[in-house]
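**Student:** Provide a 3D model corresponding to the input given below.
(2 chains)
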Amino acid sequence: MTAEHPLLEIKTVYKAFGGVQALSDITFSLNPGSITGLIGPNGAGKTTLFNLISGVFPEDKGKIVFSRTDIKNKKPHKLVELGISRTFQNVELFDSMTVLENILVGQHTRTRCGMWGSILRFPWVAAEEKKAYHFAMELLDFVGLNGHADKTSGDLPFGWQRLLEIARALASSPKLLLLDEPAAGLNIVETMRLGDLIRKIREQGVTILLVEHDMSLTMEISDWIVVLDQGKKIAEGCPRTVQADEAVIAAYLGTAGNKAEG
Amino acid sequence: MTSHQTRNRICYAVFSLLIIVAGYTIENPYYIQVLTFIGINTLLALGLNMLMGYAGQISLGHAAFYGIGAYGTAILTVHYNLSPWMALPAAIASAMIVAYIVGIPTLKLSGYYLGMGTLGFGMIVNILFREWSSVTGGASGFIGIPTLELGPISFSSGRNYFYLVWGFVLTSFIVCQRIIDSRIGRALRAIHDGEKAASAVGVDTRKLKLQVFILSAAFSALAGFLYAHLIFFISPGTFSFIASIRMVTMVVIGGMASIWGSLLGASLLTLLPEWLHAFSEFEMVVYGLILMIVMIFLPRGLTRGLLDIYERAVKKNDR
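**Tutor:** Just a heads-up that it's a prediction; the model follows:
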């Protein structure tokens, strides 16, 4: 690997829920500016790993280091401040709010007006609001939702909701973007556009970790693939190597002999 | 964004004008009294609406803060001979401190459990009012609360008190409107729509819920202060569980997440019992029936319901 220091390091991480070992001995790292695909059959522990990285719950053993900071016991909102942003498998927008407002909330950590600031409306508050508004408009333009700022987000078609959620995640200017099955529920055209968008985001210098079931999309856009199966890492490498890996093929197609060993 | 602000300014200008005109033209002291009560109830509904309507956190114990405001000023002015204007910030501050202490463990709960937690808190405070008789006067109540005076102006006459209460209402409306239209207000609504997503975009949900809980306690305490100096006599019954439920009803009937809804809800729930005296023993039955009908036909509250009817009428005309 390169001499560059990795942005995110996952070091021998374990996580169990009751008696179920959801993750065991997971180690890999993300290089700055890379797109990494995290794949594996259902129940492999992908979402659990996402929740660990975004601070929903802590790991049992091991360490997750982001930008040289151990993120153990840091609350999700603190991690957003540090530069980790995420989307959800089942789009979690603020449905009653407009498209614009969703992105403004996304800028929560970039802005600082508090209770008193809002009541007394200091001059800097108005300037901050204006800046936030312009940045939100830029982001809408970036994901291709310009012209829909005032629509209620809950009324948008599903594909647009996905785009809006990505725009909202970008609103905090993250260093690392976690995308949880961004292509789920999208049609072929939308999925292609999504692939272009993800590449465009990377061009802005954002590192991306992607959980995705759509293999053609994942293999096409990722620089690096990590494969999980039943809570363990079974392979890692560039897309072509991983696709040829026997353990991976077995995990997906289920060769009886391999299962028994594993 | 700017058109929204202009519209708000016009609304508040018209509202202030209405207050002044009402104060000038209404002669009947009974009407003035009823309007003053509506103002006090509006403050209660507004504070709770910030918590319930905007942040989506229920409280079934808010009458406790109402009571802390009222008993706070009563105790400080009567037992300690403090000026009411000194007692006001002290009473509000005590409600805020209690809200802080109670809020830290309670706001970790959500839904029914939060309802239960706050309900218990409200009952404990009410028992305190009732049983700590050396300080609160116990079940027979607290008498001799002084009249408010500001230099030569005495707030004993109905008209002056009317202006005082509605002045506070107007200020509170503007304060709440500003919070709602800000970064904080957006974050509150985000918590309402999805707490998980709110924290995933960087909102410190625990801190913000606590802040808005404290804020709404402050409004309730202000209402309690105004109530105590209007009536001069307070008793635990006014701040019981029923009062908490009435506050929730005002918010729901008027309209969740609507500042003007607080005014509508408070008006309806203050006026209804006055109108329904004619039904004598059936008063409560008719009262309940009306609330049921409102909820069945306008489930999102009066404000949204009336707006929907208006918008539908406009659409029909367009066609």
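
**Student:** what's the nearest residue to B:Leu35 if we skip its chain neighbours?
**Tutor:** Nearest non-adjacent residue to B:Leu35, counting by CB to CB, 6 or more residues apart in numbering or on different chains: B:Phe162, 6.0 Å away. Every C-beta, even on glycine, is put in place using the N, C-alpha and C of the backbone.

**Student:** If you could redo that for A:Arg112, that was the one I meant.
**Tutor:** Using CB to CB, 6+ apart, the closest residue to A:Arg112 is A:Glu128 (7.3 Å).

**Student:** which stretch of helix or strand covers that neighbour?
**Tutor:** Element membership for A:Glu128 (DSSP states H and E) is helix A:123-143.

**Student:** got the buried residues for that helix?
**Tutor:** For helix A:123-143, burial by neighbour count (16 or more other CB atoms under 10 Å in any protein chain shown) applies to A:Val125, A:Glu128, A:Glu129, A:Ala132, A:Tyr133, A:Phe135, A:Ala136, A:Leu139, A:Leu140, A:Phe142, A:Val143.

**Student:** give me every residue that touches residue 223.
**Tutor:** I went with chain A, as the question did not name one. A:Asp223 sits next to A:Ser34, A:Ile35, A:Thr36, A:Cys238 when contact means CB atoms under 8 Å, 6 or more residues apart in numbering or on different chains.

**Student:** ah, no, chain B please
**Tutor:** B:Ala223 touches B:Ile40, B:Asn41, B:Leu43, B:Leu44, B:Gly47, B:Tyr66, B:Gly69, counting by CB under 8 Å, 6+ apart.

**Student:** Now do the strands in the stretch 151-300 of chain B.
**Tutor:** B:153-154 (DSSP state E, counting those that start in this stretch).

**Student:** What of chain A?
**Tutor:** Using DSSP state E, the strands found in chain A span residues A:8-17, A:20-30, A:35-39, A:61-66, A:69-70, A:84-86, A:176-180, A:207-211, A:224-229, A:232-237.

**Student:** same for the fourth one, what does it pack against?
**Tutor:** Under the contact criterion of 3 or more CB pairs under 8 Å, 6 or more residues apart in numbering or on different chains; DSSP states H and E, strand A:61-66 touches strand A:8-17, strand A:20-30, helix A:46-53.

**Student:** for the longest one, same thing?
**Tutor:** Counting contacts by 3+ CB pairs under 8 Å, 6+ apart, strand A:20-30 packs against strand A:8-17, helix A:46-53, strand A:61-66, strand A:224-229, strand A:232-237.

**Student:** So in that sheet, which strands flank it, and in what orientation?
**Tutor:** Here strand A:20-30 is paired, per DSSP bridges, with strand A:8-17 (antiparallel).

**Student:** Please list the residues of the stretch 151-300 of chain B that sit near chain A.
**Tutor:** Within the stretch 151-300 of chain B, the positions adjacent to chain A are B:175, B:178-179, B:181-187, B:189-190, B:192-194, B:196-205, B:211, B:215 by CB under 8 Å from any CB of the partner chain.

**Student:** Could I have the buried ones of those residues as PyMOL selection syntax?
**Tutor:** Applying 16+ other CB under 10 Å to those, the buried members can be selected in PyMOL as follows:
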select buried, chain B and resi 175+178+179+181+182+183+184+185+186+187+189+190+192+193+194+197+198+199+200+201+202+203+204+205+211+215
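
**Student:** so of the residues of the stretch 151-300 of chain B next to chain A, which ones are in helices?
**Tutor:** Using DSSP state H, the subset of these located in helices is B:175, B:178-179, B:183-187, B:189-190, B:192-193, B:196-200, B:205, B:211, B:215.

**Student:** Break down the stretch 151-262 of chain A into its helices, ranges please.
**Tutor:** A:158-170, A:188-203, A:215-221, A:239-244, A:246-253, A:256-261 (DSSP state H, counting those that start in this stretch).

**Student:** same thing with the stretch 101-250 of chain B?
**Tutor:** Using DSSP H, counting those that start in this stretch, helices in the stretch 101-250 of chain B cover B:111-131, B:133-136, B:158-180, B:183-193, B:195-200, B:205-231, B:241-254.

**Student:** And the third one, what's buried?
**Tutor:** Within helix B:158-180, the residues that qualify as buried by neighbour count (16+ other CB under 10 Å) are B:158, B:160-166, B:168-169, B:172-180.

**Student:** swap in the last one?
**Tutor:** Of the residues in helix B:241-254, those with enough neighbours to count as buried (16+ other CB under 10 Å) are B:Ala243, B:Ser244, B:Arg246, B:Met247, B:Val248, B:Thr249, B:Met250, B:Val251, B:Val252, B:Ile253, B:Gly254.

**Student:** Show me what it packs onto, helices and strands only.
**Tutor:** Using 3+ CB pairs under 8 Å, 6+ apart, helix B:241-254 sits against helix B:29-49, helix B:63-74, helix B:111-131, helix B:259-275, helix B:283-297, helix B:301-318.

**Student:** Mind exporting the C-alpha coordinates of that helix to CSV?
**Tutor:** What follows is helix B:241-254, C-alpha atoms only, in CSV (Å, rounded to 0.1, in the frame of the first residue of the first chain):
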residue,chain,number,x,y,z
PHE,B,241,-52.6,16.6,36.6
ILE,B,242,-55.8,17.9,35.0
ALA,B,243,-54.1,21.2,34.3
SER,B,244,-51.2,19.4,32.6
ILE,B,245,-53.7,17.5,30.4
ARG,B,246,-55.5,20.7,29.6
MET,B,247,-52.2,22.2,28.4
VAL,B,248,-51.6,19.2,26.1
THR,B,249,-55.2,19.5,24.8
MET,B,250,-54.7,23.2,24.0
VAL,B,251,-51.6,22.3,21.9
VAL,B,252,-53.2,19.4,20.1
ILE,B,253,-56.5,21.2,19.4
GLY,B,254,-54.9,24.4,18.4
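
**Student:** mean confidence for that helix?
**Tutor:** For helix B:241-254, mean pLDDT rounds to 92.

**Student:** Taking helix B:111-131 as reference, get the angle to that helix.
**Tutor:** 140 degrees (axes from the mean of the first three to the mean of the last three CA atoms, to 10 degrees).

**Student:** and helix B:241-254, how far out from the chain's middle?
**Tutor:** 9 Å (CA atoms, centre = their mean, to the nearest Å).

**Student:** ok so, going back, which of the strands of chain A sits closest to B:Thr73?
**Tutor:** strand A:84-86 (47.9 Å; CB to CB).

**Student:** Neighbouring strands - and their directions - for the closest one?
**Tutor:** strand A:176-180 (parallel).

**Student:** what residue ranges in the chain score low on pLDDT?
**Tutor:** I'll assume chain A. A:1-3, A:255-262 (pLDDT under 70).

**Student:** Chain B, not that one
**Tutor:** Applying pLDDT under 70 to chain B picks out residues B:1-2, B:319.

**Student:** dump the residue contacts of the residue nearest in space to the middle of it.
**Tutor:** Nearest to the geometric centre of chain B sits B:Leu44, at 1.0 Å (CA atoms, centre = their mean). Taking CB under 8 Å, 6+ apart, we find B:Leu44 in contact with B:His62, B:Tyr66, B:Phe219, B:Ser220, B:Ala223, B:Met247, B:Met250, B:Ala266.

**Student:** Make CSV out of the residues you listed and add distance to B:Met52.
**Tutor:** Converted to CSV, those look like this (distance: CB to CB, whole Å):
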residue, distance to B:Met52
B:His62, 9
B:Tyr66, 15
B:Phe219, 12
B:Ser220, 12
B:Ala223, 16
B:Met247, 9
B:Met250, 10
B:Ala266, 14
